[in-house]
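Student: Need coordinates for the below:
(2 chains)
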Amino acid sequence: MNRSVLFIGIVIAAALVVILFVGLGKDPAAIRSPLIGRPAPAFALREVGTGRTIDIAQFRGKPLVINFWATWCGPCWEEHPILVQNARLLQPNVQFLGVVFQDTEEKIQGFLQQRGTAYPTVVDDRGKTAIAYGVGGVPETFFLDANGKIVAKYSGPMDAGIIQENLQKVMQQ
Amino acid sequence: MILLVLLLTLKVPDAQQFVGSPKGTPLAGAQLDTRTREVASLLRCPVCQGSAVADSPAEMAVNMKAQVHELLARGYTEEQILQYFELSYGQFVLLKPKFEGVNALVWMLPLLALLIGGAIVAFKIRSLAAQPQPTPPGPPPPDADPYVARVRDLVSGEKQKP
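Tutor: Numbers count the residues shown, from 1 in each chain, chains lettered A, B, ... in the order given. Predicted coordinates:
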């Protein structure tokens, strides 16, 4: 009986070690979205500054990086210059698009004028687009292939390495 | 006029892209408010610590609740609405996990642990019952050792002396 109790104990402890090992090895920012591998939800929203409508369908034919952000989000400030730099570097082969939610157009315009931009930014008025994309917190970024399919999602501020890594996934499609 | 044209060109992702056309009856009035609260209480607020969309004052939760309200008013069923949010956020957004895949373990493990524990207790009780009972002590055996026999004789002889 003592041997069987020891065996059961070892099995339970081994299972816990495996679960902890697998869990700790995961990147908490790399969220598995159910949208990955599916066509991106279609939207056409108003561009900040110009007021014109931008439809994501117009970017078909090249990879698209959709970045959800807001001016009240600290990590978004940190990420913004990296996104602008990469957008300048990669255009016209890759398109970047900013989607701002839970914010005011006045604040967004002020932010973009002060810090510069290299790609269009649209306003998601009642957060419907963010909800359809399963956005929890900002910044969150989606990488779409040339056919408009979501290939990857990243949660949190990105650096150039993360952008490149995810764009490589898009190119491999 | 220009503003109206502009508004008409705007398009937000719609539940129809995810779950098709409404399968229920459009709700209105008090019934709509009650059902909104009921369905929103089944959804987790993604920016809160384990709160339901119905209970959270966070702007994200308020927007989600407004969307539930709108979908119920358009005739979407509870099942379709939950499926719509699940397709965007994953099962994380459902406060009551589904009985499938790894989630099934959450439901099954406590039951399994109870069954295994019960089986161990039953096995232990049975093995204790099967053990031979200790026999009551009988008459003392005759002393084999001559030394012990001599001591016994001497002691009994002492007792017999007045």
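Student: pLDDT score for the residue lying closest to B:G24 once chain neighbours are set aside?
Tutor: Leaving aside its sequence neighbours, B:G24 sits nearest to B:T77 (CB to CB, 6 or more residues apart in numbering or on different chains; 4.0 Å). Just so you know, the C-beta spots here come from the backbone N, C-alpha and C atoms, and that holds for glycine as well. With respect to pLDDT, B:T77 scores 97.
Student: Thought B:L27 was touching B:T77, still the case?
Tutor: No - counting by CB atoms under 8 Å, B:T77 does not reach B:L27; the two are 10.4 Å apart.
Student: out of the two, which sits in the busier spot?
Tutor: A count of neighbours by other CB atoms under 10 Å in any protein chain shown puts B:L27 above the other of B:T77 and B:L27, at 19 against 16.
Student: dump the residue contacts of the more buried one.
Tutor: Counting by CB atoms under 8 Å, 6 or more residues apart in numbering or on different chains, B:L27 makes contact with B:R35, B:L72, B:A73, B:G75.
Student: May I ask which of those residues has the most neighbours?
Tutor: Neighbour max across the contacts of B:L27 (other CB under 10 Å) = B:L72, 28 neighbours.
Student: which secondary structure elements does the host helix or strand of that one contact?
Tutor: Per DSSP states H and E: B:L72 is located in helix B:59-73. Applying 3 or more CB pairs under 8 Å, 6 or more residues apart in numbering or on different chains; DSSP states H and E, one finds that helix B:59-73 contacts helix A:128-132, helix B:29-40, helix B:78-89.
Student: Mind doing that once more with 7 Å?
Tutor: If you count contacts as 3 or more CB pairs under 7 Å, 6 or more residues apart in numbering or on different chains; DSSP states H and E, helix B:59-73 packs onto helix A:128-132, helix B:29-40.
Student: Of those helices, which is nearest B:Q16?
Tutor: helix A:128-132 (11.2 Å; CB to CB).
Student: contact partners of stretch A:55-64?
Tutor: A:40, A:42-44, A:93-95, A:97, A:143-148, A:167, A:170 (CB atoms under 7 Å, 6 or more residues apart in numbering or on different chains).
Student: Any idea how far that stretch is from the middle of the chain?
Tutor: Remark: stretch A:55-64 is offset 16 Å from the chain centroid, using CA atoms, centre = their mean, to the nearest Å.
Student: So for that stretch, what gets flagged as buried?
Tutor: A:I56, A:F59, A:P63, A:L64 (16 or more other CB atoms under 10 Å in any protein chain shown).
Student: Stretch A:35-43: how far from the chain's middle?
Tutor: Using CA atoms, centre = their mean, the offset of stretch A:35-43 from its chain centre is 13 Å.
Student: Return the residues of chain B in contact with chain A.
Tutor: Within reach of chain A by CB under 7 Å from any CB of the partner chain, chain B has these residues: B:6, B:9-13, B:17, B:46-47, B:59-60, B:63-64, B:66-67, B:87-90.
Student: Would you list the buried entries among those residues?
Tutor: Applying 16+ other CB under 10 Å to the residues of chain B next to chain A flags B:10, B:12-13, B:46-47, B:60, B:63-64, B:66-67, B:87-89 as buried.
Student: and chain A, which residues reach chain B?
Tutor: Residues of chain A lying near chain B (CB under 7 Å from any CB): A:33-35, A:41-46, A:51, A:53, A:102, A:126-129, A:131-134, A:136-137.
Student: contacts for the strand or helix carrying A:V99?
Tutor: Using DSSP H and E, A:V99 maps to strand A:95-101. Contacts to strand A:95-101, defined as CB under 7 Å, 6+ apart, come from residues A:56, A:59, A:62, A:64-70, A:83, A:87, A:108, A:119-124, A:127, A:129-130.
Student: try it again with 8 Å
Tutor: A:45, A:48, A:54, A:56, A:59, A:62-71, A:83, A:86-87, A:90, A:108, A:117-125, A:127, A:129-130, A:135, A:138.
Student: Please flag which of these sit within strands.
Tutor: A:L45, A:I54, A:L64, A:V65, A:I66, A:N67, A:F68, A:W69, A:T121, A:V122, A:V123, A:D124 (DSSP state E).
Student: B:P57 and B:R152: what is the separation?
Tutor: 94 Å (CB to CB, to the nearest Å).
Student: Could you tell me the per-residue confidence at B:A129?
Tutor: 87.
Student: Quick one: classify it as helix, strand or coil.
Tutor: Secondary structure assignment for B:A129 (DSSP: H, G, I helix; E, B strand; the rest coil): helix.
Student: Next, count neighbours for residue 52.
Tutor: Going with chain A. 11.
Student: Wait, chain B was what I had in mind.
Tutor: Neighbour tally, B:A52, other CB under 10 Å: 17.
Student: Next, give phi and psi for the residue lying closest to it once chain neighbours are set aside.
Tutor: What sits nearest to B:A52 in space, not counting adjacent residues and going by CB to CB, 6+ apart, is B:S41, at 4.7 Å. Per-residue torsions, B:S41: phi -80, psi -10 (degrees, to the nearest 10).
Student: before we move on, back to that, going by distance to B:V148, which of the ones in strands among the contacts of strand A:95-101 wins?
Tutor: Nearest to B:V148 among the ones in strands among the contacts of strand A:95-101: A:F68, at 96.1 Å, using CB to CB.
Student: check contacts around the closest one.
Tutor: A:F68 neighbours (CB under 8 Å, 6+ apart): A:V99, A:V100, A:F101, A:D124, A:A130, A:Y133, A:V135, A:V138, A:P139, A:E140, A:T141, A:F142.
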